[in-house]
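Give the three-dimensional model of this entry:
(2 chains)
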Amino acid sequence: MLNINDIMETINMISEENLDIRTITMGISLLDCADSDIKRSCDKVYDKITRLAGRLVETGENIEREYGIPIINKRISVTPIALLAANGGDPVMYAKTLQRAADATGVNFIGGYSALVHKGFSAGDEALIRSIPEALSITENICSSVNIGSTKSGINMDAVKLMGEVVRQTAEITADRECIGCAKLVVFCNAVEDNPFMAGAFHGVGEPDCVIHVGVSGPGVVQAALKKCPDGDLGQVAETIKRTAFKITRMGQLVGTEASKRLGVPFGIVDLSLAPTPAVGDSVAHILEEMGLEACGTHGTTAALALLNDAVKKGGVMASSSVGGLSGAFIPVTEDAGMIDAARSGDLQLEKLEAMTAVCSVGLDMIAIPGETPAEVISAIIADEAAIGMVNSKTTAVRVIPAIGKKAGEELNFGGLLGSGPIMRVNLNKSPKRFIDRAGRIPAPLQSLKN
Amino acid sequence: MKTVVSVIGKDAVGIISKVSAVCAECGANIVDITQSVLQDMFVMVMLTEISGLNCSFTEFSDKMKALGLDNNLDIRVMHEDIFNSMHRI
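Reported below is the predicted structural model:
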């Protein structure tokens, strides 16, 4: 018989501490759908997605019911659409097709309206990138990402310059809907091929034809565990986080293998990320504050986050047969109750967030910036972030939302998991325009020469 | 397949009888049962074998949930593997 205390601990994690499986994401390769006739290509895309993912939502709900563990999202990631768009035609047709497939399967997001241009543009890439604002404005459930740099290849500054403009255009075209288009658009350096989390999920070309990934969550559980050791030293804090991450990940592994068995699709990876939501008791910032910081964003935040990120990985890696994705702690400002408060009070600034991205799992995430921010400043923010990723051999990303017509201190409200938050101050005193206009490529760093 | 039926709430007369009545009605065999009072709350955990269930798993779980609502108890039916994977290596 199971220990009654263990059973109560699990039930308490689920009912009181917001423990859940954040997402089951089915990765689907669309490489075999490419056709020189874009209409035929779109038909094949629709057929393949609906055939493979037709039972995804139902299966997820059944597992949820039997195991008593909430599975918040069922999602799909697909091959970067730029690879299909290479055959010509208006890429927006693919976005419409993906939206139809999302409606038919009932998933809440399909990720992969993406291009990988870390070294340069190939056929289809530039057309797809330029179509992103339109594609995101006419669809509801499609996510887009662009990889503009990597440790191996350096940073494609032509793409960085272009993405600054694309982010602004996306905000402008969706200005009547709180600029929501930008919440579905990520610019990556060192993007991973098996990420189950949106908005940056896409199905890499090195992946199998179809695969199931799972993203766990549980900032509330970690915070609750730390509450029980208020006086321990940081070694004990790390140990507590590791133990908790282990338990959370075991659950993700169980749900992933079960889903893969029921759907007859190979199991891919568990992503160990601590993904916050705006709900009370589901915040990464509150974990950092539980460690002893008066507010997230004060001095010491980077060190606390580094400890958290590392302990989550160490605890999780033993618990799963295959760990991948982004795996670490996310710091999306508008999706995290503690970060929202810290940004409102001014304790958390953009500069500190940038430093935090050097040690967290991704990057500048879900940050509303003033509507007056010019494209070249957005490009420069992307370039800074990509440089951190490139030099440190880690994934970094930028998902900023220029709040068209609004100023720092005002608020944007997306609702749901995307949350709401204050518009953060951006340093607009001096311009990086001449640097960004140079374009070209920042060569790969010495770290790339590992062979 | 075995499931864990957990019952949490204020102590009252007849809780075990009501829960086991639903088990019997649905054909769930009670393999083990334990109860205790934790943090002033009545806590009962039942391990049941449900391969002989005469209704669907969802119906069984819904009946338990309804019983919980009627009696001001939190009743959950969960597959035992979730606890095994979390607490055993």
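
show me where chain B has strands.
In chain B, the strands defined using DSSP state E lie at B:2-9, B:29-38, B:41-49, B:73-79.

Can you redo those strands as CSV, where the extra columns are mean neighbour count?
The way it works is simple: take the backbone N, C-alpha and C, and place the C-beta from them, glycine included. Shown next, in CSV, are those (neighbours: other Cβ atoms under 10 Å in any protein chain shown):
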stretch, mean neighbour count
strand B:2-9, 22
strand B:29-38, 13
strand B:41-49, 20
strand B:73-79, 21
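
looking at the ones you listed, which is closest to A:S273?
Taking Cβ to Cβ, strand B:73-79 is the member of those nearest to A:S273, at 24.1 Å.

What is the closest one packed up against?
helix A:56-67, strand B:2-9, helix B:57-70 (3 or more Cβ pairs under 8 Å, 6 or more residues apart in numbering or on different chains; DSSP states H and E).

could I get those as TSV with mean pLDDT and distance to A:T139?
Below are the helices and strands packed on strand B:73-79 laid out as TSV (pLDDT from 0 to 100; distance: least, Cβ to Cβ, whole Å):
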stretch	mean pLDDT	distance to A:T139
helix A:56-67	94	19
strand B:2-9	92	41
helix B:57-70	92	34
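
Could you identify which of these is most buried?
Highest mean neighbour count of those: strand B:2-9, a mean of 22 (counted as mean count of other Cβ atoms under 10 Å in any protein chain shown).

could you measure A:R65 against B:N29, distance?
Distance, A:R65 to B:N29, by Cβ to Cβ, to the nearest Å: 21 Å.

no, scratch that, I was asking about A:S77
42 Å.

for the residue in chain B that chain A sits nearest to, which residues make a bridge with it?
Chain A sits closest to B:M78 of chain B, with a gap of 3.4 Å, by Cβ to the nearest Cβ. As for beta bridges, B:M78 partners with B:V4 under DSSP bridges.

so what's it up against?
A:E66, A:Y67, A:G68, A:I69, B:T3, B:V4, B:S6 (Cβ atoms under 8 Å, 6 or more residues apart in numbering or on different chains).

Number of residues surrounding B:I89?
7 (other Cβ atoms under 10 Å in any protein chain shown).

Now do it, the pLDDT please.
B:I89 carries a pLDDT value of 78.

Equivalent analysis for A:T277, please.
Here the pLDDT value assigned to A:T277 is 88.

swap in A:S327?
For A:S327, the predicted pLDDT is 89.

what do you get for A:S217?
So, for A:S217, pLDDT stands at 86.

which residue sits closest to it, ignoring its sequence neighbours?
Spatially, and ignoring its direct neighbours in sequence, A:S217 is nearest to A:R22 (4.0 Å; Cβ to Cβ, 6 or more residues apart in numbering or on different chains).

Look at the one you found and give its secondary structure.
Following DSSP: H, G, I helix; E, B strand; the rest coil, the label given to A:R22 is strand.

Who are the contact partners of it?
A:I72, A:N73, A:F197, A:G215, A:V216, A:S217, A:S273, A:A275.

which among those residues gets closest to A:P91?
Nearest member of the contacts of A:R22 to A:P91, counting by Cβ to Cβ, is A:F197, at 23.4 Å.

That closest one: neighbour count?
Residues near A:F197, counting by other Cβ under 10 Å, number 29.
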